[in-house]
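1. Structure for this input, please:
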Amino acid sequence: MSVRPVIGLMAKAPRPGFAKTRLIPALGTAGAAALAEAFIADTAMLLRGTGVDVVVLATPPEAAAVLSALSGFPAIAQRDGDLGARISGAFADLAARGHAPVLLMGTDSPTQPQAHVTTALSLCAAHPDALVLGPAEDGGYWCVGLSRPQPGLFAGIAWGTGSVLAETKARAARRGVPVVLGPRWHDVDEPADLLRLRLELAGDPALAPRTRAVLGLVP
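-> Residues are numbered from 1 along each chain as shown. Below you'll find the model as predicted:
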């Protein structure tokens, strides 16, 4: 079996009341779901340009076919459990399919520069014994990469808090796993993030066309 790099795109079904729920106060239930769908489509377009294999990691499992059709990439189900268990499961499942290194990322950064993704992949290849993290401005990370699975590395982390990056780095240090940091970026999670998103889209008409359409912005 040949070993080749892969990007695992962790995605939720863009269902009303299920995806991007923190944006519902600003956009309404249907609007938040429409933006979630646009984020998936635009992130998929971004990743398609990397030339690297991409596999969508779908939740819930029955949404795999829908998410595959939306993204244009093959999709497999995420495992059960909290985010840490699902991240560990994704690394194991993609490694079992013959991939290394594996870079996992979400769909919350549709304006992410493509160069950030390729840089993170290059860091994974250059540091095969390390954990590669792309810091996010909220204290988490927008990507996480490994060349081989590290079972248990992501257990017990307080997901959804501003300490996620620090906790992950500390857990890696206790296990003797080096940490390499990639480019820093930001997610779109809260209503306050929408203003920044609109400004980014206004500054570059080529960015995230599906997102632009949902927000009613003229190219």
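2. Buried residues, stretch 35-49. List them.
-> For stretch 35-49, the neighbour count (16 or more other CB atoms under 10 Å) marks 35-47 as buried. Just so you know, the C-beta spots here come from the backbone N, C-alpha and C atoms, and that holds for glycine as well.
3. for stretch 96-113, same thing?
-> For stretch 96-113, a neighbour-count test (16+ other CB under 10 Å) marks 99-112 as buried.
4. Helix or strand: which one has the residue lying closest to residue 151 once chain neighbours are set aside?
-> Once flanking residues are discounted, residue 151 sits nearest to residue 88: 6.0 Å by CB to CB, 6 or more residues apart in numbering. Using DSSP states H and E, residue 88 falls within helix 83-96.
5. Let's have the buried residues of stretch 35-49 in TSV, adding distance to residue 134.
-> As requested, these are arranged in TSV below (distance: CB to CB, whole Å):
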residue	distance to residue 134
35	22
36	21
37	23
38	22
39	17
40	19
41	21
42	18
43	14
44	18
45	19
46	14
47	14
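6. Run through the residues that contact the residue nearest to the spatial centre of the chain.
-> Taking CA atoms, centre = their mean, the centroid of the chain lies closest to residue 106, which sits 1.6 Å from it. By CB atoms under 8 Å, 6 or more residues apart in numbering, the residues touching residue 106 are 9-11, 142, 187.
7. quick one: which of those residues sit in strands?
-> 9-11, 142 (DSSP state E).
8. so which of those residues comes closest to residue 171?
-> Nearest to residue 171 among the ones in strands among the contacts of residue 106: residue 142, at 18.5 Å, using CB to CB.
9. can you pull the contacts of that closest one?
-> Shown in contact with residue 142 (CB under 8 Å, 6+ apart): 105-106, 108-109, 112, 134-136, 185-187.
10. which element follows the longest helix along the chain toward the C-terminus?
-> Across the chain, the helix with the greatest residue count (assigned by DSSP state H) is helix 24-48. Downstream of helix 24-48, the first helix or strand assigned by DSSP H and E is strand 53-59.
11. Show me the contact partners of that next one.
-> The contact list for strand 53-59 (CB under 8 Å, 6+ apart) reads 4-13, 44, 47-48, 64, 67-68, 71, 73-78, 86, 90, 93-94, 97, 99, 104.
12. Based on its surroundings, how many neighbours for residue 206?
-> Residue 206 is flanked by 8 other residues according to other CB atoms under 10 Å.
13. what ranges do the helices span in the chain?
-> Secondary structure of the chain (DSSP H): helices at 24-48, 64-71, 83-96, 114-126, 164-174, 193-203, 209-214.
14. Any chance of those in JSON lines with mean pLDDT and distance to residue 158 as columns?
-> Listed next are these as JSON lines, based on pLDDT from 0 to 100; distance: least, CB to CB, whole Å:
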{"stretch": "helix 24-48", "mean pLDDT": "97", "distance to residue 158": "23"}
{"stretch": "helix 64-71", "mean pLDDT": "98", "distance to residue 158": "27"}
{"stretch": "helix 83-96", "mean pLDDT": "97", "distance to residue 158": "10"}
{"stretch": "helix 114-126", "mean pLDDT": "97", "distance to residue 158": "24"}
{"stretch": "helix 164-174", "mean pLDDT": "97", "distance to residue 158": "6"}
{"stretch": "helix 193-203", "mean pLDDT": "94", "distance to residue 158": "21"}
{"stretch": "helix 209-214", "mean pLDDT": "96", "distance to residue 158": "29"}
